[in-house]
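Asker: Got a sequence here, can you build the structure:
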Amino acid sequence: MTTFSERLRELRTEKSLSARALAALVDLNKASINNWENGTHDIKSEYLIRLAKFFNVSTDYLLGLTDD
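Answerer: Purely as a prediction, here's the structure:
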């Protein structure tokens with residue numbers, strides 16, 4: 001599993017959100033969240049930015065380029 005996949009799942013579970021709930025909150029579909037968390041699909045930059053804003057973290061953090 002990639003760092004992005006791990007961090008996305010970690011941030012989602014810290015907020016006690018299901019994949020379906022997160023998808024609804026950021027206007028995506030559940031399959032996309034699951035695919036990213038399972039590492040089966042790469043994320044497009046627009047969705048990466050949307051998730052970073054939602055979780056109040058940097059895109060670099062989500063991608064594993066920084067630890068803060």
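Asker: all strands of this protein, in order?
Answerer: Counting by DSSP state E, no segments of the chain form strands.
Asker: Tell me where the model's unsure across it.
Answerer: 1 (pLDDT under 70).
Asker: Spit out the contact partners of the closest residue to residue 29 other than its chain neighbours.
Answerer: Leaving aside its chain neighbours, residue 29 sits nearest to residue 23 (5.5 Å; criterion: C-beta to C-beta, 6 or more residues apart in numbering). (C-beta placed from N, C-alpha, C; glycine too.) Contact analysis of residue 23 by C-beta atoms under 8 Å, 6 or more residues apart in numbering lists 29, 30, 32, 33.
Asker: Repeat that for residue 36.
Answerer: For residue 36, the contact set (C-beta under 8 Å, 6+ apart) comprises 4, 5, 8, 43.
Asker: Could you single out the nearest of these to residue 57?
Answerer: Comparing the contacts of residue 36 against residue 57 with C-beta to C-beta places residue 8 closest, at 10.2 Å.
Asker: My understanding was that that closest one contacts residue 64; is that so?
Answerer: No. Between residue 8 and residue 64 no contact is recorded; they are 10.8 Å apart, counting by C-beta atoms under 8 Å.
Asker: Please determine how far residue 53 is located from residue 63.
Answerer: Noted for residue 53: a distance of 15 Å to residue 63, by C-beta to C-beta, to the nearest Å.
Asker: So which of the two has more stuff around it?
Answerer: Set residue 53 next to residue 63 and count neighbours by other C-beta atoms under 10 Å: residue 63 wins out with 15 against 11.
Asker: okay, now the residue lying closest to the more buried one once chain neighbours are set aside: neighbour count?
Answerer: Once flanking residues are discounted, residue 63 sits nearest to residue 4: 5.5 Å by C-beta to C-beta, 6+ apart. Residue 4 sits with 20 neighbouring residues when counted by other C-beta under 10 Å.
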